[in-house]
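Trainee: Sequence plus predicted model, see below.
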Amino acid sequence: MWFTDEAIAAWRAEPRTTPGGQPHYSALAIVTALTMRAVFRLALRQTEGLIGSVIALLGLDLTVPDHSTMSRRSKTLEMPPLRRSGTGPLHLLVDSTGLKLGGAGEWLVEKHGTSRRRSWRKLHVGVDAESGEIVAIELTGKEIDDAARTGALLDQITDPVASFTADGAYDQDRVYEGVAEHAPDAAVIVPPRSTAIPSTAAETAPTQRDHHIQEIAERGRMGWQKSSGYNLRAKVEASIGRYKRVIGDALRSRTDETEATEVAIAAAGLNRMLEFGRPSYVRIA
C-alpha cells in the first residue's frame with residue numbers, strides 16, 4: 001500500500017470561503033479511509049487504527065480521521081459516478097442481490113439464543129459485459145421490484161447503450177419502454193416467461209419481445225440464449241459473487257445515506273482491483 005504525492009498533497013481539505021466549520025480532511029481522505037474499511041471488512045474504530053499504522057509505517061506527516069469523523073462525513077460524501085475503462089457502445093448486464101443488515105441481530109443470537117426476523121436491503125447492479133466493471137449501482141428496500149429501478153440504473157450511464165440484458169424478472173413493458181427512452185436503438189435481451197404470448201401487433205409490427213418469443217418457439221430456449229447473447233449475463237452474476245466474497249454479504253452502516261455511500265465505495269474499489277489485475281497487451285512485432 002502506498003500514497004502518491006498527489007494524494008498526500010490533497011489529504012487536507014481546501015479552506016472554505018462560506019460561513020461554517022472548517023473541514024479538516026478532504027473528500028479524498030475520507031474515501032481512502034472508507035475504502036480500506038470496505039476491503040478489509042473493519043469497524044470504524046479498527047479503520048482508524050489501520051490508517052494510523054499505515055501512515056506511521058510510511059513515515060508520512062498526515063493526521064488520521066477519527067471514527068466519528070468518518071461516520072459523519074459518509075452521510076454527505078458525494079461519490080463520483082462510476083466510469084468504465086473501455087470505449088464504444090456499452091453492453092449492459094443487470095441483476096440484483098440481497099445484502100443483510102448488520103447490527104444487534106447476530107449478537108442476540110450468539111449471546112442469548114434470541115432470534116429476530118432477518119432484515120436486508122436489495123443491491124441493484126449494472127455491469128459492462130466487456131470489462132466486467134460495475135458501471136451503475138443502487139441500494140433500495142427489499143420490497144422494491146427489480147424492473148422498477150431500470151431507469152435509475154440507466155440514468156447513471158453516459159455512454160451509448162448497445163444492449164440491455166437481464167433475467168426473466170425484467171420481462172415487463174416498463175423495462176422495454178425505459179431502455180427505449182434512454183437508447184432507442186438498444187437491444188433488450190430478456191427471456192420471456194414460459195407462458196408469454198405474442199402481442200396483438202406481432203404480425204404487422206413485431207416488438208423485440210415478439211421476436212424473442214418467436215425464436216424460442218423455433219429454436220428452443222437454449223438455442224435462443226446462445227443466439228441472442230443472453231449467456232453473457234453470467235458475468236453480472238460473477239460480479240455479484242465477487243462483491244460478496246471481497247466486500248461481504250452484509251452492510252455495516254446504519255442509515256440510508258451511509259449505506260448508499262458504502263456500496264458506492266465498494267463498487268469503485270472492486271473496479272480499481274479489476275484495473276490493477278487486468279493484463280495490458282502490447283504488440284512488439
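Mentor: Thanks, I have it.

Trainee: Glu78 touches Ala27, doesn't it?
Mentor: Yes. With contact defined as CB atoms under 8 Å, Glu78 reaches Ala27; the gap is 7.2 Å. For glycine as for every other residue, the C-beta is placed from the backbone atoms N, C-alpha and C.

Trainee: So for those two, which sits in the more crowded spot?
Mentor: Using other CB atoms under 10 Å as the criterion, Glu78 and Ala27 rank with Ala27 on top: 17 against 7.

Trainee: Which residue, other than its chain neighbours, is closest to the more buried one?
Mentor: Setting aside the residues directly before and after it, Ala27 is nearest to Leu77 in space (CB to CB, 6 or more residues apart in numbering), at 6.3 Å.

Trainee: so what are the domain limits for the chain?
Mentor: Structural domains assigned to the chain are 5-74, 90-275, following automatic domain parsing.

Trainee: Name the stretch among those that sits most buried.
Mentor: Compared across those, domain 90-275 shows the largest average neighbour count, a mean of 17 (mean count of other CB atoms under 10 Å).

Trainee: Between its first and last residues, how far does that domain reach?
Mentor: End-to-end distance of domain 90-275 (CA to CA, to the nearest Å): 18 Å.

Trainee: Measure how far it is from the centre of its chain, please.
Mentor: Centre-to-centre, domain 90-275 and its host chain are 10 Å apart (CA atoms, centre = their mean, to the nearest Å).

Trainee: model confidence over it, on average?
Mentor: Domain 90-275 comes out with an average pLDDT of 91.

Trainee: Equivalent analysis for stretch 22-39, please.
Mentor: 93.

Trainee: Doesn't the residue nearest to Ala27 lie inside a helix?
Mentor: No. Remark: Leu77 does not belong to a helix; assigned using DSSP: H, G, I helix; E, B strand; the rest coil, it is coil.

Trainee: hang on, isn't it packed against Ala260?
Mentor: No. Assessed by CB under 8 Å, Leu77 is found out of contact with Ala260, at 9.5 Å.

Trainee: Check which helices and strands the lengthiest helix in the chain is in contact with.
Mentor: Looking across the chain with DSSP state H, the single longest helix is helix 256-277. The contact analysis (3 or more CB pairs under 8 Å, 6 or more residues apart in numbering; DSSP states H and E) places helix 256-277 against helix 27-40, helix 67-74, strand 120-128, strand 134-141, helix 234-246, strand 250-251.

Trainee: and the angle for the second one with helix 256-277?
Mentor: Orientation check (axes from the mean of the first three to the mean of the last three CA atoms, to 10 degrees): helix 67-74 against helix 256-277 gives 90 degrees.

Trainee: same thing with the fourth one?
Mentor: Angle between the axes of strand 134-141 and helix 256-277 is 160 degrees (criterion: the same axes, to 10 degrees).

Trainee: contacting residues around strand 134-141?
Mentor: 82-84, 90, 92, 99, 121-128, 149, 152-154, 156-157, 159, 239, 256, 259-260, 263-264, 267, 270-271 (CB atoms under 8 Å, 6 or more residues apart in numbering).

Trainee: And the next helix or strand past it?
Mentor: Counting by DSSP states H and E, the next helix or strand C-terminal to strand 134-141 is helix 150-154.

Trainee: Tell me the helix or strand right after that next one.
Mentor: Later in the chain than helix 150-154, the nearest helix or strand by DSSP H and E is strand 161-165.

Trainee: which other residues reach that next one?
Mentor: Contacts with strand 161-165, where a contact means CB under 8 Å, 6+ apart, come from 89-94, 129, 150, 154, 175, 179, 182-183, 186-190, 229-230, 232-233.

Trainee: let's see 6 Å
Mentor: Here strand 161-165 makes contact (CB atoms under 6 Å, 6 or more residues apart in numbering) with 89-93, 179, 183, 186-189, 233.

Trainee: what lines up beside the strand ranked longest in the chain in the sheet?
Mentor: Looking across the chain with DSSP state E, the single longest strand is strand 90-101. Sheet pairing of strand 90-101 (DSSP bridges) gives strand 120-128 (antiparallel), strand 161-165 (parallel), strand 250-251 (parallel).
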